[in-house]
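fold the following for me, if possible:
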Amino acid sequence: MHSFINRHQSPLTLDEIARRAPSALATRPYDAMSAKYTYVPTLGVIEAMIKAGFQPFSAVQSRTRIVGKGDFTKHMLRFRHQDMSRTCAVGDVIPEVVLINSHDGTSAYKLIAGLYRLVCSNGMMVSDGEIDAINVTHKGDIVGEVIEGSHRLIADTQKSLGTVRNWTQLQLTSGEQHAFAESAHTLRFADSQGKTTTPITADQLLTPRRREDVGGDLWHTLNRVQENVIAGGLSAIERDAEGRRIRRVTTRQVKGIDADVRLNRSLWQLAERMAELKAGVPFIEGEVVEQAA
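A predicted model of the protein is given here:
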């Protein structure tokens, strides 16, 4: 996935989007698409979003090994409404609308509520349990549905910002923080059978990368774990059964759009479960957090 970190915190121009996510500006669908495929360019949605007061602040796209497909793959853009950025932020957290689409038939328009944390460039996504994601199929008034859905998501993020306030007041014991990190560790590193073999430990996910992330409340715990899971850069020594060093293992940044979305939303859901447990809400058998490979 090509990525773009907007360190200057200013809206992206179309030229900047074109450099980092050219598939978002495709002027036609991928050649392999059938005649039944309804093509609606993301560019028209971007222009309509900007006109409606939503500014793009991030743009990424998926990689492909298929020659000629790179300009049509799945892409993800993050928008902030010009009014909401100023009036609805909580501390260093700003509500966003995350738009996902493709021009190769691999994705319909999808809108997800997001929260952006300025201090560490974290792009967190809210789970369906908090705010329902919106799917827009490639037919009908797509632009109108995307704009309407974006306004609805931004309005609904008030609920999530209220959740952030509550989580900053919810203190976790060291054991609860470790339990949270253990669950996140499984989400990130377990294979399809749920087995984890990496030498990276759950406690490493709790390590703060900056002074602002120190704290035992649920919000700071979530942010430390989320950044360590997504950003990579954690190292550990892999050893054999006799304790002899085999190699040094370093985690990579999560770059795939699908993995990024699944992990972010699953971590948010984990935090929701922890808050419920702290509040004494009983666990419902069969209610599980989606594994994010």
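
low-confidence regions, the stretch 101-250 of the chain specifically.
119-122, 127-132, 138 (pLDDT under 70).

hey, where'd the strands end up in this protein?
Taking DSSP state E, the strands of the chain run over residues 54-61, 75-81, 93-101, 109-117, 122-125, 134-136, 235-239, 245-250.

any chance of those strands in a markdown table, with distance to Leu218 and mean neighbour count too?
Backbone N, C-alpha and C define where each C-beta goes, glycine included. What follows is the strands of the chain, written out as a markdown table (distance: least, CB to CB, whole Å; neighbours: other CB atoms under 10 Å):
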| stretch | distance to Leu218 | mean neighbour count |
| --- | --- | --- |
| strand 54-61 | 25 | 23 |
| strand 75-81 | 24 | 26 |
| strand 93-101 | 14 | 25 |
| strand 109-117 | 14 | 23 |
| strand 122-125 | 13 | 22 |
| strand 134-136 | 27 | 18 |
| strand 235-239 | 26 | 12 |
| strand 245-250 | 28 | 10 |
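
Tyr39: which of the ones you listed is closest?
strand 93-101 (11.0 Å; CB to CB).

just the helices in this structure please.
For the chain, helices defined by DSSP state H occupy the ranges 14-20, 42-51, 82-87, 142-168, 174-189, 218-231, 257-278.

how about those helices, which one is nearest Arg245?
Arg245 sits nearest to helix 174-189 of all the helices of the chain, at 20.0 Å, using CB to CB.

wait, isn't Ile237 in contact with Arg245?
Yes. At 5.6 Å, Ile237 counts as touching Arg245 under the criterion of CB atoms under 8 Å.

distance check, Ser266 against Glu176.
Going from Ser266 to Glu176 by CB to CB, to the nearest Å gives 18 Å.

okay, the two: which has more neighbours?
Ser266 (21 against 17; other CB atoms under 10 Å).

any idea of the pLDDT on the more buried one?
On the pLDDT scale, Ser266 is placed at 94.

now do it against Lys110, distance only.
From Ser266 to Lys110 the distance is 16 Å (CB to CB).

same question, Gly216
35 Å.

do the same with Ser160
18 Å.

try Gln82
23 Å.

what's the answer for Asp203, then?
35 Å.

tell me how many other residues crowd Glu182.
Neighbour tally, Glu182, other CB under 10 Å: 15.

residue contacts, the closest residue to it other than its chain neighbours?
In this structure, Glu182 finds its nearest non-sequential neighbour in Ala202, 4.5 Å apart by CB to CB, 6 or more residues apart in numbering. By CB atoms under 8 Å, 6 or more residues apart in numbering, the contact set of Ala202 is 178, 181-182, 184-185.

now Thr196
Taking CB under 8 Å, 6+ apart, one finds 185-186, 189-190 in contact with Thr196.

now these in TSV, with distance to Thr137 and neighbour count?
Putting those into TSV (distance: CB to CB, whole Å; neighbours: other CB atoms under 10 Å) gives the following:
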residue	distance to Thr137	neighbour count
His185	36	22
Thr186	34	16
Phe189	35	17
Ala190	33	16
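
distance to Asp141 added to the residues you listed, as TSV?
Below are the contacts of Thr196 laid out as TSV (distance: CB to CB, whole Å):
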residue	distance to Asp141
His185	44
Thr186	42
Phe189	43
Ala190	42
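
among those, which two are most distant?
His185 and Ala190 (8.1 Å).

from Gln204, how far out is the closest residue to Thr201 other than its chain neighbours?
Excluding its sequence neighbours, the residue lying closest to Thr201 (CB to CB, 6+ apart) is Ala236, at 6.9 Å. Remark: distance between Ala236 and Gln204 (CB to CB) = 7 Å.

just Leu218 next, same as before
Applying CB to CB to Leu218 and Gln204 gives a distance of 19 Å.

for these two, indicate the residue with more neighbours.
The residue with more neighbours, out of Leu218 and Gln204, is Leu218; 25 against 16, by other CB under 10 Å.

and that one, what does it touch?
Counting by CB under 8 Å, 6+ apart, Leu218 has contacts 167-168, 170-172, 271, 274-275, 278.

so which of those residues wins on neighbours?
When neighbours are counted by other CB under 10 Å, Ala271 leads the contacts of Leu218 with 25 neighbours.

excluding its backbone neighbours, what's nearest that one?
Going by CB to CB, 6+ apart, Ala271 has Leu222 as its nearest residue, at 4.6 Å.

I'd say the one you found and Glu272 touch.
No. Leu222 is not in contact with Glu272 according to CB under 8 Å; the separation is 10.0 Å.

thank you, goodbye.
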